[in-house]
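Peer 1: Here's a sequence, model it:
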Amino acid sequence: MASATLAPKRSPSLWHKWLGPCASLVCLVHCFSLPFVLLLMPGLLHVLPYQFLHDLELIFWVLAIELGIFTLVKASVPLAWQRVFVGMSLLAPIGTLFYLPTLTHLTFVGMALLQFALVFLVHARARAVEEAPLCCEGHEHA
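Peer 2: Numbering: from 1, shown residues only. All right, here's what the predicted structure looks like:
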């Protein structure tokens, strides 16, 4: 019976290699377009009061932080960059509370861009390390 240590290491499938970056891209498109949809909402939906849409931004903010941190942790983004993401996200409620929708929407767009860039760079770096050639022992490649 063969031992588990002698079994060949399975490389992740193409689906698993690109699932994280593709999900980040979908998030980027969604988070980039959502502020513009929210800006048009009062004109499109006359039956909803503007205050409801204003409070809805706070719900989006909470969901964006939770989903963003979950994604950054799962992608193994360094803790310092996770803190930058959280620090940036604190601008959104300031814009909401002081009725500065542009600040809130730009914060959402910035959060999406930062998350996309960090996850993509971490995946690209991990993939480059996996594909590094192992030519010999005794020294390290730069």
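Peer 1: all helices of this structure, in order?
Peer 2: For the chain, applying DSSP state H gives helices covering 14-44, 50-74, 79-89, 91-97, 101-130.
Peer 1: between those, which has the poorest average model confidence?
Peer 2: Among these, helix 14-44 carries the lowest mean pLDDT, a mean of 70.
Peer 1: circling back: mind putting the helices of the chain into a markdown table with mean neighbour count?
Peer 2: Placement of C-beta: from N, CA and C, glycine included. Converted to a markdown table, the helices of the chain look like this (neighbours: other CB atoms under 10 Å):
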| stretch | mean neighbour count |
| --- | --- |
| helix 14-44 | 14 |
| helix 50-74 | 15 |
| helix 79-89 | 14 |
| helix 91-97 | 17 |
| helix 101-130 | 17 |
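Peer 1: per-residue confidence for Leu90?
Peer 2: Note on Leu90: pLDDT of 90.
Peer 1: who's in contact with it?
Peer 2: Residues near Leu90 by CB atoms under 8 Å, 6 or more residues apart in numbering: none.
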